[in-house]
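> pasting the structure only:
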């Protein structure tokens, strides 16, 4: 006790107080410096996110920001301003007539009924992130499957005035069907997204991410391995359906204060039975996507055919909920013992582009004709865009 008291008395001498004071001042300065350094590096990291080439591209084609990589002393920006004005007018029109209405409908009819934070599977998607996000905005990750090439973005810094103008013209032309019809026409898309200026789905996906107020963090090209992991590759994609090649895009919602990073993975693939048998690793990967929600629209009635039974069975087995129009899985596959249906809008026979009596769903037609438990659909989305006689069907697993 005496020793402790003596020690205590010793450390309260004036010299010790002076020394202790100097230490405290030094520590405070060190802590302040660390805080400033942290703020600097965080700000630098954020700047890096907002200035990567994919974000720059997305902001350019979405009419939000002219690229800093383009030398404006050599390039006049009048063409971009005109593009921006036209895009804003057209986007406002579809936002007013369709997109904002869809968002409100989604909040009332979809999110209230399902766990909408699950990963989303979207077969036959093309580059359509737009409707995937509007109908499933809270999905953790998005998995898109289609036959269009992965694609890449151009290097604007190497493009001349006329090349930039031509690029924007072709880009705008490639998204015309989304404005008018709400879906991409396969034959047109194969032509539009495979030319010297505009290659593959990546440019259009980035456009939709920017227009839905997301920021792109990173884009990588990855290949599915035999162990069902992913390996990055930097060579040009082979374009072979069975190769397991994909693009993965990391992004976040600008309105999310936590800046939670989500992912969109797009596979160029053949999901017919033959295609999946030729790609066993990819088929196994899809089978492993459990506890998901699934979405299809304007799917060319592929899931009605016997040669798409594998992907159809994966969706039915692994999905907690499926949202689709009548071009998706036929109504007869949703048994009342396993699924709770919610039917919206009107059912019409397939448009003339799709022939065959087997595509007409008589059981679904009778259900709609009874007008019992049929709910209104306040927007048009799908093949019957001319008449507006559209349908959406939500099936929830019991």
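Arrived safely, thanks for sending. Computed from a prediction, not measured in an experiment: that's the story for all the values here.

> relative to residue 347, how far out is residue 325?
Noted for residue 325: a distance of 9 Å to residue 347, by C-beta to C-beta, to the nearest Å. (C-beta placed from N, C-alpha, C; glycine too.)

> what's whichever strand in the chain runs longest in contact with?
Among the elements of type strand in the chain, defined by DSSP state E, the one spanning the most residues is strand 214-224. Counting contacts by C-beta atoms under 8 Å, 6 or more residues apart in numbering, the residues outside strand 214-224 that touch it are 49-50, 52, 54-55, 58, 150, 202, 206, 209-210, 230-234, 237, 243-254, 261, 281-282, 285.

> ok, it: who's next to it in the sheet?
strand 230-232 (antiparallel), strand 245-253 (antiparallel) (DSSP bridges).

> report the rounded mean pLDDT for the longest one.
Think strand 245-253. Confidence over strand 245-253, taken as the mean pLDDT, stands at 97.

> for the most centrally placed residue in the chain, which non-adjacent residue is spatially closest?
The centre of the chain sits closest to residue 129, judged by C-alpha atoms, centre = their mean, with a distance of 3.9 Å. Closest residue to residue 129 apart from its sequence neighbours, by C-beta to C-beta, 6 or more residues apart in numbering: residue 208 at 4.3 Å.

> from the middle of its chain, how far away would the strand or helix carrying the one you found be?
Remark: residue 208 resides in helix 202-211, with elements defined by DSSP states H and E. Relative to the chain's own centre, helix 202-211 is displaced by 8 Å; criterion: C-alpha atoms, centre = their mean, to the nearest Å.

> which elements pack onto it?
With contacts defined as 3 or more C-beta pairs under 8 Å, 6 or more residues apart in numbering; DSSP states H and E, the secondary structure elements packing on helix 202-211 are helix 53-61, helix 129-135, helix 161-174, strand 214-224, strand 245-253, strand 262-268.

> returning to what we had before: narrow the contacts of strand 214-224 to just the buried residues.
For the contacts of strand 214-224, a neighbour count by 16 or more other C-beta atoms under 10 Å gives the buried set as 49, 52, 54-55, 58, 150, 202, 206, 209-210, 230, 237, 243-253, 281-282, 285.

> roughly how far is stretch 383-398 from the heart of the chain?
For stretch 383-398 - counting by C-alpha atoms, centre = their mean - the centre lies 21 Å from the chain centre.
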